[in-house]
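# this one's sequence-less:
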């Protein structure tokens, strides 16, 4: 028990250290450009655009932090109900279409031929899928595909893949960790949030590389009739 408490305490300290570090960078940027405007040593329009972008970055980070902290608490309510998975995956495609289109990416979804029901919190499960799909859209060259498949009538496997450069092999074991920073300097909580939500649905998520890009595989239990 003492070892578990010590491990938890260490994880919490690391988490807050990382969070503090990620807030420090945009705050320093905002401060420097605000001072540049005050002393008239930078272009005001350029400075204003950077301040707005950094503010949005901080806002997104705060929202993800709050969301993840709620997911970690036993008080967070999951509103589980029967969910038609075919309707759900079609809704994911419709809601993510605009983001894909804006980036010039084709979002393809393969249909399920038979009815599938999962016991899920629709809002949270969509958040998990949106994070994964959004990540694939960000790195895809042309296409992101979503392929669901029923396994032994007890599980549904959803493979989400892109045709981008893939994930660095050294980074693969860590991409679901909170605040993990890859070689490209990208830091986020989206994949950690997805993993948390999917595991609360008694599911599993993994990532790997194919010959043509990154592949995320989600497995969820199917509700038995």
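Received it, and whenever you're ready, just let me know what you need. None of the values given here were measured: they were computed from a predicted structure.
# neighbours around the residue lying closest to residue 177 once chain neighbours are set aside, how many?
Distances taken as C-beta to C-beta, 6 or more residues apart in numbering place residue 192 nearest to residue 177, at 6.5 Å, with adjacent residues excluded. C-betas here are computed from N, CA, C, even on glycine. Number of residues near residue 192 (other C-beta atoms under 10 Å) recorded here: 19.
# likewise for residue 41?
9.
# and the gap between it and residue 224?
67 Å (C-beta to C-beta, to the nearest Å).
# ok so, going back, what residues are up against the residue nearest to residue 177?
Under the criterion of C-beta atoms under 8 Å, 6 or more residues apart in numbering, the contact list for residue 192 reads 68, 176-178.
# adding neighbour count, write those residues out as JSON lines.
What follows is these, written out as JSON lines (neighbours: other C-beta atoms under 10 Å):
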{"residue": "68", "neighbour count": "17"}
{"residue": "176", "neighbour count": "18"}
{"residue": "177", "neighbour count": "14"}
{"residue": "178", "neighbour count": "20"}
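# looking at those residues, which are in helices?
residue 68 (DSSP state H).
# so where's the protein uncertain?
Applying pLDDT under 70 to the chain picks out residues 1-22, 69-76, 179-188, 225.
# tell me the secondary structure at residue 41.
Here residue 41 is coil, with the state taken from DSSP: H, G, I helix; E, B strand; the rest coil.
# pretty sure residue 127 contacts residue 190?
No: here residue 127 does not reach residue 190: they are 9.1 Å apart, not a contact under C-beta atoms under 8 Å.
# looking at the two, which is more packed in?
residue 190 (20 against 16).
# wait, residue 82 touches residue 122, no?
No: Residue 82 sits out of contact with residue 122 when judged by C-beta under 8 Å, with a separation of 10.1 Å.
# the residue nearest to residue 177 falls within a strand, correct?
No: read with three-state DSSP, residue 192 is helix and lies in no strand.
# gap between it and residue 98?
To residue 98, residue 192 is 25 Å away according to C-beta to C-beta.
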